[in-house]
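S.K.: Fold the following, please.
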Amino acid sequence: MGKAARRANRRQRRSEGGHNGRVTAPKVSRRRGDVEPSIEGLRRPEANAFDELVKLRVRLSEAEVQVAFWVAHARSAGVSWRSIGEALGVTQQAACKRFGRPVRLVERG
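M.R.: Predicted structure coming up:
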């Protein structure tokens, strides 16, 4: 079986929901209309682009912490690296490399 045939079979299984019982992440839409609200502030002439970038970086950092938190919980619940990778849109190896090391929790005081 050639590479194209294997790819076609994989697509067919996915469209039929045949994921061997694995939970998969919803597809992320990349249509222009889906990203417009997040950049709306940059369209206003009075918006300061630098301030918007700083705010965005803070939100991104918070999101990264939440992702790491939920990956740790998923792993402790027995979810495979393959499923976690699929949910994050990366390979199994990339997910394991990024989140596989122990997480140090720091208390905020």
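S.K.: quick one: the helices in the chain?
M.R.: 3-15, 32-43, 49-76, 81-88, 92-99 (DSSP state H).
S.K.: quick one: average confidence on the first one?
M.R.: Regarding helix 3-15, the rounded mean pLDDT is 73.
S.K.: repeat for the third one
M.R.: Computed over helix 49-76, the mean pLDDT rounds to 92.
S.K.: Show me what it is packed up against.
M.R.: Here helix 49-76 touches helix 32-43, helix 81-88, helix 92-99, going by 3 or more CB pairs under 8 Å, 6 or more residues apart in numbering; DSSP states H and E. C-beta here means a position set from N, CA and C on the backbone, and glycine is covered the same way.
S.K.: rank these by mean pLDDT and give me the bottom one.
M.R.: helix 32-43 (a mean of 53).
S.K.: which ones are touching Val67?
M.R.: Leu88 (CB atoms under 8 Å, 6 or more residues apart in numbering).
S.K.: change it to 7 Å
M.R.: Contacts for Val67 (CB atoms under 7 Å, 6 or more residues apart in numbering) come out as none.
S.K.: For it, give its distance to Arg6.
M.R.: 31 Å (CB to CB, to the nearest Å).
S.K.: how near is Val79 to Trp70?
M.R.: 10 Å.
S.K.: Pop out the phi and psi values for Val90.
M.R.: phi -130, psi 170 (degrees, to the nearest 10).
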